[in-house]
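Visitor: okay, here's the prediction I keep looking at, along with the sequence it came from:
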Amino acid sequence: MKSARTYWFGPKRFGIGYGPRTWQGWVTVLIYGVLTISAFKAIAADNHVLRLGSMIVLTIAFLAVFLWKLDTSK
């Protein structure tokens, strides 16, 4: 028996765009924010390449989860 797929992100009720629908989506956004701020503060200010690289990697990982759990049916 197949279980129904749960979506963490979906279209906003008002306005344009997508946002978190479930607590898992909100936790994903929170973790992304905490990791981004932590990486920014942990990496030395003079190491711009590493800071930029970490932000790019974290953003790509967040977007991968976002697109994997996105409901575009509406």
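Guide: Now that the structure is in, tell me what you want to look at. Just so you know, these numbers come straight off a predicted model, no measurement behind them.

Visitor: that's a strand at Gly19, yeah?
Guide: Yes - Gly19: assigned to a strand according to DSSP: H, G, I helix; E, B strand; the rest coil.

Visitor: now it. Nearest residue, chain neighbours left out?
Guide: The shortest distance from Gly19 to any non-neighbouring residue, by CB to CB, 6 or more residues apart in numbering, is to Lys12 (5.1 Å). All C-beta atoms are positioned from the backbone trio N, CA, C, and that covers glycine.

Visitor: ok, that neighbour - how many residues close by?
Guide: Lys12 has 11 neighbouring residues, counting by other CB atoms under 10 Å.

Visitor: looks like it contacts Pro20 (just checking).
Guide: No - counting by CB atoms under 8 Å, Lys12 stays clear of Pro20, with 9.9 Å between them.

Visitor: for Phe40, give its distance to Val27.
Guide: 20 Å (CB to CB, to the nearest Å).

Visitor: all strands of this structure, in order?
Guide: 9-11, 18-20 (DSSP state E).

Visitor: and the first one, which residues are buried?
Guide: If you call a residue buried by 16 or more other CB atoms under 10 Å, then strand 9-11 has these buried ones: Phe9, Gly10.

Visitor: so which other helices or strands are in contact with that strand?
Guide: Secondary-structure packing of strand 9-11 (3 or more CB pairs under 8 Å, 6 or more residues apart in numbering; DSSP states H and E): strand 18-20.

Visitor: quick one, helices of the protein?
Guide: Along the chain, counting by DSSP state H, helices occupy 23-42, 48-68.

Visitor: give me the mean pLDDT for the first one.
Guide: If you average the pLDDT over helix 23-42, you get 95.

Visitor: over to the longest one?
Guide: Confidence over helix 48-68, taken as the mean pLDDT, stands at 95.

Visitor: what about it, distance to the chain center?
Guide: 9 Å (CA atoms, centre = their mean, to the nearest Å).

Visitor: repeat for stretch 11-24
Guide: 13 Å.

Visitor: so what touches that stretch?
Guide: Residues outside stretch 11-24 that contact it (CB atoms under 8 Å, 6 or more residues apart in numbering): 6-10, 25-26, 28-29, 66, 69-72, 74.
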